[in-house]
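**Q** for reference, the sequence and a predicted model appear below.
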Amino acid sequence: MAPDAHERAFGTGTISLLRADITTLDVDAIVNAANSSLAGGGGVDGAVHRAGGAQIMRELRERYDGCPTGSAVITGAGSMSARHVIHAVGPRWRDGRHGERDLLRSAYRTAFAIAAEHGLTTVAAPSISTGIYGFPITHAAPIAVDEARTALVAPATSLRAITFALFSSGDLAVFSEALSSL
């Protein structure tokens with residue numbers, strides 16, 4: 001593995017951490033850090049829509065009328081190497097006393113459940129809500145890796161590899177610490 005990558009096995013699967021552009025990964029599905037209107041935006045969401053092209057937005061508009069915070073929906077991946085995009089809506093951080101942790105946990109859990117329901121084996125996810133939504137990464141990383149582990153050890157899951165594609169070496173270090181703590 002590259003120096004900016006880490007991995008750990010759970011059940012019959014593996015959680016990997018790497019510093020990468022999620023839109024370039026060749027996996028069954030990437031998780032998009034979407035907003036509840038599913039209208040595209042900045043950060044990961046903007047990058048996913050730019051890389052995948054107009055087909056993703058067309059499919060979102062045809063199939064869905066938004067998505068509640070803590071939930072997720074699936075579309076094709078347009079022109080990206082991935083085959084699907086799972087649009088997960090994480091919470092905006094207020095002060096940590098408004099259910100933000102539970103909503104973030106639910107967003108990851110739902111995204112991984114959708115992947116398993118579709119028989120997917122490889123998924124890449126970003127650090128949801130830690131950019132413009134302001135969720136502290138030190139709180140988000142343990143939730144993310146715990147939900148990934150739970151998804152990988154679930155009975156009869158199709159999931160074999162969950163990769164967290166992280167923006168910076170600092171993000172990678174925080175996720176690495178969280179993964180080591182499991």
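**A** The structure has been received and is ready for your questions. Residues are numbered from 1 along each chain as shown.
**Q** so where do the strands sit in this structure?
**A** Under the criterion DSSP state E, the chain contains strands at 5-10, 13-19, 29-34, 72-76, 84-89, 122-125, 161-166.
**Q** adding distance to Gly99 and mean neighbour count, write these out as TSV.
**A** Every C-beta, even on glycine, is put in place using the N, C-alpha and C of the backbone. Listed next are those as TSV, based on distance: least, CB to CB, whole Å; neighbours: other CB atoms under 10 Å:
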stretch	distance to Gly99	mean neighbour count
strand 5-10	27	15
strand 13-19	25	21
strand 29-34	18	30
strand 72-76	17	21
strand 84-89	14	26
strand 122-125	21	26
strand 161-166	23	24
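**Q** now render these as TSV, adding distance to Ala54 and mean pLDDT.
**A** Shown next, in TSV, are the strands of the chain (distance: least, CB to CB, whole Å; pLDDT from 0 to 100):
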stretch	distance to Ala54	mean pLDDT
strand 5-10	32	90
strand 13-19	29	98
strand 29-34	15	99
strand 72-76	12	99
strand 84-89	13	99
strand 122-125	22	99
strand 161-166	23	99
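**Q** nearest to Glu62, of the ones you listed?
**A** strand 72-76 (9.4 Å; CB to CB).
**Q** that closest one pairs with which strands, and in what direction?
**A** Sheet pairing of strand 72-76 (DSSP bridges) gives strand 84-89 (antiparallel).
**Q** out of the strands of the chain, nearest to Thr110?
**A** Going by CB to CB, the one of these nearest Thr110 is strand 72-76, 4.3 Å.
**Q** now the angle from the closest one to strand 29-34?
**A** Counting by axes from the mean of the first three to the mean of the last three CA atoms, to 10 degrees, strand 72-76 points 120 degrees away from the direction of strand 29-34.
**Q** what lies in contact with strand 72-76?
**A** With contacts defined as CB atoms under 8 Å, 6 or more residues apart in numbering, strand 72-76 is touched by 29, 31, 34, 38, 55-56, 59-60, 63-64, 67, 83-89, 107, 110-111, 114, 118.
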